[in-house]
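Engineer: How does the following fold in three dimensions:
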Amino acid sequence: MKKIVLCIIIRHREILLLEYERGSLMLPGGHIEKEETPSIAARREIHEELGLKNQPVQVIELKDWGKIKEYEKVSYHLYLAHLDSFGKEFQMSPQKEEGIKSFIWVNPWELFSSWESDGFWRNIKIRNKMTEIAKEAIELFISQPIIKIMV
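Structural biologist: I've put the predicted structure just below:
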């Protein structure tokens, strides 16, 4: 069984999406190595994909779920991540060796209620480029009652 971690990183009511060279948009995350727990994998993936050096990352597991994908069971772990910047902006840089072209910050509530959004066409474009698992994870995230209180 494949084990994958996905991370929702919040900044000013927006979440981070990674734009890959191939054109798709995805949440930070990746495979959980055999010796790792999901929370350790979440921290590692955030550091690798965002190019963070020695900066503390707090993660909270929001949800885990399984899916059958191409005849293989996949276990997904969704984390909410807080980058503890001690009041400063993080110095993040897209990691080209990971295939990441750029970072895009989006309001997740506007992304899925586009008729009420000022950025309707931008949101449609973003949603069309997002992978299905990223869409599913963000919908799970915004459906959590505690999230509306936290952000």
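Engineer: What residues does the most centrally placed residue in the chain make contact with?
Structural biologist: Central residue of the chain (CA atoms, centre = their mean): L27, 2.8 Å from the mean position. Taking CB atoms under 8 Å, 6 or more residues apart in numbering as the criterion, L27 is in contact with L6, C7, I8, I15, L16, L17, L18, A134, A137, I138. To be clear about C-beta, it is placed using only N, CA and C from the backbone, and glycine gets the same treatment.
Engineer: Relative to N107, how far out is the closest residue to G30 other than its chain neighbours?
Structural biologist: In space, G30 comes closest to E45 once its chain neighbours are excluded; the distance is 4.7 Å by CB to CB, 6 or more residues apart in numbering. Counting by CB to CB, to the nearest Å, the gap from E45 to N107 is 23 Å.
Engineer: ok, back up a step: need the contacts of L27 in CSV (columns: distance to Q58).
Structural biologist: Listed next are these as CSV, based on distance: CB to CB, whole Å:
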residue, distance to Q58
L6, 16
C7, 11
I8, 13
I15, 16
L16, 15
L17, 20
L18, 20
A134, 22
A137, 19
I138, 20
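Engineer: The protein: helices as residue ranges?
Structural biologist: For the chain, the helices defined by DSSP state H occupy 38-50, 108-111, 120-129, 132-143, 145-150.
Engineer: how about the ones you listed in JSON lines, adding mean pLDDT?
Structural biologist: Putting the helices of the chain into JSON lines (pLDDT from 0 to 100) gives the following:
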{"stretch": "helix 38-50", "mean pLDDT": "93"}
{"stretch": "helix 108-111", "mean pLDDT": "78"}
{"stretch": "helix 120-129", "mean pLDDT": "70"}
{"stretch": "helix 132-143", "mean pLDDT": "83"}
{"stretch": "helix 145-150", "mean pLDDT": "55"}
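Engineer: Adding mean neighbour count, write those helices out as a markdown table.
Structural biologist: As requested, these are exported to a markdown table (neighbours: other CB atoms under 10 Å):
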| stretch | mean neighbour count |
| --- | --- |
| helix 38-50 | 20 |
| helix 108-111 | 20 |
| helix 120-129 | 14 |
| helix 132-143 | 17 |
| helix 145-150 | 10 |
